[in-house]
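[1] A predicted structure for the sequence below; I have some questions about it.
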Amino acid sequence: MAKTLLLYAGLPALSVVGGLFAGPMLADARSDTPPAVVEAGDHAAATQAEAEAPQNERTYAAAAKEGRAVATLANVGPDVSGRVVRLGRMTIPVHRPNTVSYVVTDIGVSMRDPNMAEAFRDIESGMLLRDAILTALSEAASLPMMKTVSIDTDALSAFLSERLSDFDGVEDVLFLTFYKADVPRA
């Protein structure tokens, strides 16, 4: 009886305590060293990988080591012209009679010139633009173009571009990724 009680109560408690102590140690070891150092154990490879990283990744890595936040929108992925401002992922529910369709999209905005794009990568301007797009997407969710089986992304992009006419320099709204999932109502 005592052995069974020890197995059923003591072993899970011991595992929880071990996990609480091991978790922070593993997280510290993982965040302090770049992946090249963890895998290869070579400091020269880590320095080379850090030197080859784009400037914004070095900024975020340095900020993470210092424990501070960086107040800019991330420009993830290659952008040859420097005119695309990536605003992140948005999820919009579209209510239909028998289902709720969830549209998940990564939004980017093409600007007329790289200087305007750089201005909208600032967190305040970028969030204003993101809020305007989210408001326009919520309006579009009630329109017939979003309630069809397949959503016309060109028409949706034109609708969003029209709604963003107040923002100077916005050329086009881009859907970097676009997913739609239908969930039946209960």
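    Ah, there it is.
[2] tell me the strands in the protein, going along the chain?
    In the chain, the strands defined using DSSP state E lie at 84-95, 99-111, 170-184.
[3] Please point out which parts of the last one sit buried.
    By neighbour count, with 16 or more other Cβ atoms under 10 Å as the criterion, the buried positions of strand 170-184 are V170, E171, D172, V173, L174, F175. Any C-beta I mention is one placed from the backbone N, CA and C, and that applies to glycine too.
[4] Next: the second one.
    Applying a neighbour-count criterion of 16+ other Cβ under 10 Å, the buried positions in strand 99-111 are S101, V103, T105, D106, I107, G108, V109, S110, M111.
[5] Look up the closest residue to the last one, ignoring the ones flanking it.
    Put plainly, it is M111. A117 (4.1 Å; Cβ to Cβ, 6 or more residues apart in numbering).
[6] Count the residues that sit near that neighbour.
    As a burial measure, A117 scores 21 neighbours (other Cβ atoms under 10 Å).
[7] returning to that earlier point: let's have the strands of the chain in a markdown table, adding distance to G18.
    Below are the strands of the chain laid out as a markdown table (distance: least, Cβ to Cβ, whole Å):
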| stretch | distance to G18 |
| --- | --- |
| strand 84-95 | 36 |
| strand 99-111 | 38 |
| strand 170-184 | 39 |
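[8] Of all the ones you listed, which one is nearest P12?
    Closest approach to P12 among these (Cβ to Cβ): strand 170-184, 35.6 Å.
[9] which secondary structure elements does that closest one contact?
    strand 84-95, strand 99-111, helix 153-163 (3 or more Cβ pairs under 8 Å, 6 or more residues apart in numbering; DSSP states H and E).
[10] Quick check: the gap between the residue nearest to M111 and R83.
    In this view, A117 and R83 are 5 Å apart by Cβ to Cβ, to the nearest Å.
[11] and what of D168?
    14 Å.
[12] do Y179 as well
    Applying Cβ to Cβ to Y179 and R83 gives a distance of 25 Å.
[13] Can you tell me which of the buried residues of strand 99-111 lies closest to M25?
    Closest to M25, out of all of these and judged by Cβ to Cβ, is D106, at 34.7 Å.
[14] returning to that earlier point: please identify every residue contacting each of A117 and R83.
    M111 (Cβ atoms under 8 Å, 6 or more residues apart in numbering).
[15] who has more neighbours, D168 and R83?
    Taking neighbours as other Cβ under 10 Å, D168 and R83 compare with R83 leading, 20 against 9.
[16] Appreciated, that's everything.
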